[in-house]
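**Student:** what follows is a predicted structure for the sequence shown.
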Amino acid sequence: MTGPRLVVLAVDDEPPALDELVYLLRGQEQVERVVAASDAAQTLRVLAAEPVDAVFLDINMPGMNGMELAGVLAGFAVPPAVVFVTAHDDRAVAAFDVGAVDYLLKPVREARLAAAVRRIASTRGDPGTSPAPATVIPVELGGVTTLVPRASVGWVEAEGDYSRLHATGGAHLVRIPISALEARWAEVGFQRVHRSYLVSLAFVTGTRSLGNGVVVCLRSNGREPAAELPVSRRHARALRQRWLRPGGTAG
């Protein structure tokens with residue numbers, strides 16, 4: 001084996017889940033040592049006593065939850081990498097907003113855990129280096145987690161409380177409302193054009209009139225053909241202004 005060996009901290013308030021996570025982490029070749037904690041307070045005590053490379057963190061915990069704790073860890077001078085380990089698939093976007101490098105669903109599959117560990121280890125060649133926050137969305141399909149790069153998403157289509165990501169690798173349904181994606185992705189080049197559509201400005205090739213309305217034209221994302229989506233009157237001006245402004249691209 002080559003590369004650095006990691007010291008990792010597993011955090012879960014449920015003892016059986018914590019024991020399972022510790023067991024799986026100890027089985028990873030690139031993990032040198034595993035420390036365990038059952039809540040945020042204990043986590044912070046551990047981190048005050050010794051540095052760790054990564055924290056594998058449950059979200060739903062009493063007191064300070066995992067999202068809040070991750071926000072605290074992000075403020076460290078040398079923050080550890082954060083990987084969320086949770087039974088809920090609807091917090092992925094929020095997780096990556098707070099700088100998580102991966103998002104694993106329970107029950108944790110060893111292959112997915114190994115991929116997360118490898119990703120962290122690959123960034124640890126230089127002391128004090130933290131993985132850059134991920135710009136991917138985990139999508140579950142047939143029990144398999146696929147990481148969809150946000151930059152590959154050409155547009156998003158609302159389907160009730162779900163959203164369908166039209167990306168280079170195909171279309172993926174995620175349990176995240178389009179309004180949440182609009183709020184979180186606006187600053188990285190996504191623009192709401194209609195109550196049912198959110199588009200990446202990097203994929204926009206222009207707009208044109210169609211009847212009494214306007215459509216936005218998008219280039220092919222590699223899997224699906226070029227698209228034309230309706231633009232509502234309330235969004236037309238903002239779309240034109242942002243699309244014509246330099247720097248409106250997806251991250």
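**Tutor:** Received it, and whenever you're ready, just let me know what you need. Please read these numbers as outputs of a predicted model, since none were measured by experiment.
**Student:** can you tell me the element the residue nearest to the spatial centre of the chain falls in?
**Tutor:** Taking Cα atoms, centre = their mean, the centroid of the chain lies closest to Phe96, which sits 3.7 Å from it. Element membership of Phe96 [criterion: DSSP states H and E] is helix 92-97.
**Student:** which element follows that helix toward the C-terminus?
**Tutor:** Next along the chain from helix 92-97, counting by DSSP H and E, comes strand 102-105.
**Student:** for the residue nearest to the centre of the chain, give me the pLDDT.
**Tutor:** Looking at Phe96, its pLDDT is 70.
**Student:** sheet partners, orientation included, of whichever strand or helix holds Cys217?
**Tutor:** In this structure, Cys217 is located in strand 213-218 according to DSSP H and E. If you go by DSSP bridges, strand 213-218 pairs up with strand 204-210 (antiparallel), strand 227-231 (antiparallel).
**Student:** wait, which of those strands is closest to Ala180?
**Tutor:** strand 227-231 (19.4 Å; Cβ to Cβ). The C-beta positions use only the backbone N, C-alpha and C, and glycine is treated the same way.
**Student:** mind listing what's buried along the closest one?
**Tutor:** Buried residues in strand 227-231, counted by 16 or more other Cβ atoms under 10 Å: Ala227, Leu229, Val231.
**Student:** show me the contacts for the second one.
**Tutor:** Think Leu229. Taking Cβ atoms under 8 Å, 6 or more residues apart in numbering, we find Leu229 in contact with Trp155, Val193, His194, Tyr197, Val199, Val215, Val216, Leu218.
**Student:** now, of those residues, which are buried?
**Tutor:** Trp155, Val193, His194, Tyr197, Val199, Val215, Val216, Leu218.
**Student:** right, and the last one touches Leu201 too?
**Tutor:** No: at 9.8 Å, Leu218 and Leu201 do not qualify as touching, with contact defined as Cβ atoms under 8 Å.
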